[in-house]
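Undergrad: What shape does this take:
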Amino acid sequence: MTTIDTGACMAGFTVGVTAARRADEFATLLTRQGAGIIVAPAIRIIPLADDNELERVTRVLMADPPRIVVATTGIGFRGWMEAAEGWGIAEDLRLTLSSTRMLARGPKAKGAIRAAELREEWSPASESSAEVLDHLLAEGVEGVRIAVQLHGATTEWEPVPDFCEVLRCAGADVVPVPVYRWVPPDDQGPMDHLIEAIATSSLDCVTFTSAPAVASMLMRAKETGLLEGVLHALRGQVLPACVGPITAAPLEELGVATSMPGRARLGALARHVAEELPRRANRIQAAGHTISVRGTCVVVDGSVRQLAPAPMTLMRSLARQPGRVVSREDLLAALPGGSDDTHAVETAIARLRAGLGTPKAIQTVVKRGYRLALDAADSARTVADGRAPVAGIATPARAPRNVQIAGSW
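TA: As a prediction, this is how the structure comes out:
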């Protein structure tokens, strides 16, 4: 048992971190607030200096310069210039780009352009690729040679390939620049563990700092047959926290309402998660105690109670409908291991009561099953609402849209 430090607002919560870059820094920001962390990088970046395709495209652009260059990410544009330095053509590339009209998708891309001693012509306030596209289409692109700095790989959940295709359909000569390409990590084990934890609601939140990370996680979930379970959890008990709207877009298109800070920065995302999880956490009043069910533990009167998988599973089942009876058969079906002996439920309930340190919070209903012994006020509120509160993270306020998964972006 651990007593929550009043300064550790995230004690008892478990957060998944999918970032490939600055993952340690981000995890440290969360652990300082008391959170448990599951680190599973969703992507692996190909070193730009070793990317033969990027070098080939760069030399093509220098031989036949575009009229417009679109920079989509700061790290990608900066990496492109650094790679050119390694190939010994950085100055030639800079001269080529200085003769073009440069558009920056957001402030990071704008900063990278200026760091290269270049100047952008325009950048949207929304940091949106869609607004950049609208800007180009409004001025007309027929016959215009446009270089678009890409990032990531082509998947059904990423919008950048469509960006190029729309420009082509409008008559532009589009040259994709494959900067900052990503592939799945060499070791898929950590990602598989994270996906299973999301699908079983064994964590409270999963964070994303790039759209490619979202796409990679969705791809792997689909490959392992857990996509539907992951999406169901992200629409309910597991909070999907994204650094900004561009990162969130693939999930939003699948009907997952995401949460994000007001400013698309890593530190802001960490602060946002630290504020949102305690705010959304359920609080059940049972047998004179305040109980909060979290990803891998239960907090009882401010004390973190770590439970084994079987009693934790039963606690989640009981907390989904506080005060309502859950049959032994339903509890048995929820238990890991696939046992058909209801004695396994009795054993797990005994361990749950002992683990909570509040035996009376779990009430036996003879010949029917078990329930949380709600205090009178909590029970009356549940009846008045006509429904039972859901354990774990509260359902987001925005109703998810019904979008078919099979459709491409």
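Undergrad: In the stretch 151-300 of the chain, where is pLDDT below threshold?
TA: 151-161, 180 (pLDDT under 70).
Undergrad: what ranges do the helices span in it?
TA: Using DSSP state H, counting those that start in this stretch, the helices of the stretch 151-300 of the chain run over residues 160-169, 189-199, 211-223, 227-234, 245-253, 266-280.
Undergrad: Buried residues, the longest one. List them.
TA: Under the neighbour-count criterion of 16 or more other Cβ atoms under 10 Å, helix 266-280 has 266, 269-270, 272-274, 276-277, 280 buried. Quick note: C-beta positions are derived from backbone N, CA and C, even for glycine.
Undergrad: Return the angle between stretch directions for that helix and helix 245-253.
TA: 40 degrees (axes from the mean of the first three to the mean of the last three Cα atoms, to 10 degrees).
Undergrad: Show me the contact partners of helix 266-280.
TA: 9-10, 13, 15, 22, 25-26, 29-30, 33, 35, 204-205, 207, 209, 239, 241-243, 259-262, 393-394 (Cβ atoms under 8 Å, 6 or more residues apart in numbering).
Undergrad: now the fourth one
TA: Helix 227-234 has contacts (Cβ under 8 Å, 6+ apart) with 195, 198-201, 206, 217-218, 221, 240, 251, 254-256, 405.
Undergrad: Got a PyMOL select line for the buried ones in these?
TA: Those of the contacts of helix 227-234 that count as buried under 16+ other Cβ under 10 Å are selected in PyMOL with:
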select buried, resi 195+198+199+200+201+206+217+218+221+240+251+254+255+256
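Undergrad: Out of the contacts of helix 227-234, which is nearest to Val39?
TA: Within the contacts of helix 227-234, proximity to Val39 (Cβ to Cβ) peaks at Val206, which comes in at 11.4 Å.
Undergrad: Report the beta-bridge partners for that closest one.
TA: Gly16, Pro240 (DSSP bridges).
Undergrad: what residues are up against it?
TA: By Cβ under 8 Å, 6+ apart, the contact set of Val206 is 15-16, 18, 194, 198, 234, 238-241.
Undergrad: And for Ala115, the neighbour number?
TA: Using other Cβ atoms under 10 Å, Ala115 has 12 other residues around it.
Undergrad: again, but for the one 10 residues further on
TA: Here the count is done by other Cβ under 10 Å, and Ala125 has 8 residues near it.
Undergrad: Not counting its neighbours along the chain, what's nearest Leu352?
TA: Of all residues not flanking Leu352 in the chain, Pro311 sits nearest, at 3.7 Å (Cβ to Cβ, 6 or more residues apart in numbering).
Undergrad: quick one: buried residues of the strand or helix carrying the one you found?
TA: Using DSSP states H and E, Pro311 falls within helix 309-320. Residues of helix 309-320 classed as buried: 310-320 (neighbour count, 16+ other Cβ under 10 Å).
Undergrad: Now the strand or helix carrying Glu346: average pLDDT?
TA: Glu346 belongs to helix 343-356 when assigned by DSSP H and E. The average pLDDT within helix 343-356 is 94.
Undergrad: Tell me the helix or strand right after it.
TA: Sequence-wise, the next helix or strand downstream of helix 343-356 (DSSP H and E) is strand 362-365.
Undergrad: what's downstream of that following strand, the next helix or strand?
TA: With elements assigned by DSSP H and E, the helix or strand that comes after strand 362-365 is strand 369-372.
Undergrad: packing partners for that following strand?
TA: Applying 3 or more Cβ pairs under 8 Å, 6 or more residues apart in numbering; DSSP states H and E, one finds that strand 369-372 contacts helix 309-320, strand 326-327, helix 328-334, strand 362-365.
Undergrad: Please put the alpha-carbon coordinates of the third one into CSV.
TA: Right, the one you point to is helix 328-334. C-alpha atoms of helix 328-334 as CSV (Å, rounded to 0.1, in the frame of the first residue of the first chain):
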residue,chain,number,x,y,z
ARG,A,328,-20.7,-15.3,-10.6
GLU,A,329,-21.0,-16.5,-14.2
ASP,A,330,-20.2,-13.0,-15.6
LEU,A,331,-17.3,-12.6,-13.2
LEU,A,332,-16.0,-16.0,-14.1
ALA,A,333,-16.1,-15.1,-17.8
ALA,A,334,-14.1,-11.9,-17.1
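Undergrad: Nothing else from me, thank you.
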